[in-house]
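S.K.: Any chance you can model this:
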Amino acid sequence: MKTKTQANGSTLPVAVDRLVRLPEVRLLTGLSKTSIYNGVKARTFPDAVRVTDYAVAWRQSDLDRWIASRMPAELELAAAARAPRAKSGLAALSSEPTPQRATSAKRSTTASKPAGKAAGAAPGSAHAHTRATRKAVA
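M.R.: Predicted coordinates:
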């Protein structure tokens with residue numbers, strides 16, 4: 001760990017700001033590559049630091065501040081989602097519970113097959129050729 005020497009001769013530890021590349025930024029923030037670069041362009045996301053001619057990275061401290069700034073808003077949204085909602089419209093006027101929709105029984109698919117699609121298709125039907133071909137191959 002790096003240290004900084006004070007005027008009185010004592011030393012203090014200095015935190016080194018780590019550079020984070022795009023794959024890890026995506027994991028930390030949960031954002032897509034497009035959302036990150038759109039945020040940089042709109043000035044709503046921290047700027048990247050050019051590492052080489054072809055590589056950029058983000059300062060860990062900038063990302064930590066951005067994430068911390070997002071947390072209060074996220075917590076408020078989560079609390080609002082858990083709060084009971086007021087009824088509106090006709091449901092607010094009626095004191096009776098809303099009736100549940102009845103589920104229908106599953107229909108049997110074997111009872112209503114169209115003619116010609118049964119196991120023994122008629123020789124002149126469209127399915128006769130298919131059945132004959134399957135029997136010959138088998």
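S.K.: Tell me the pLDDT of residue 120.
M.R.: pLDDT recorded at residue 120 is 57.
S.K.: Let me fix that, I meant to ask about residue 75.
M.R.: For residue 75, the predicted pLDDT is 69.
S.K.: same deal with the one 4 residues further on?
M.R.: At residue 79 the predicted local confidence, pLDDT, stands at 71.
S.K.: That one is in what secondary structure piece?
M.R.: Take DSSP states H and E as the rule and residue 79 turns out to sit in helix 60-82.
S.K.: List of residues touching that helix?
M.R.: Residues outside helix 60-82 that contact it (CB atoms under 8 Å, 6 or more residues apart in numbering): 17-20, 25, 28-29, 45-47. C-beta: built from backbone N, CA, C; applies to glycine.
S.K.: go again using 7 Å as the cut-off
M.R.: The contact list for helix 60-82 (CB atoms under 7 Å, 6 or more residues apart in numbering) reads 17-18, 20, 25, 28-29, 45-46.
S.K.: Of these, which is the nearest to residue 37?
M.R.: residue 45 (8.3 Å; CB to CB).
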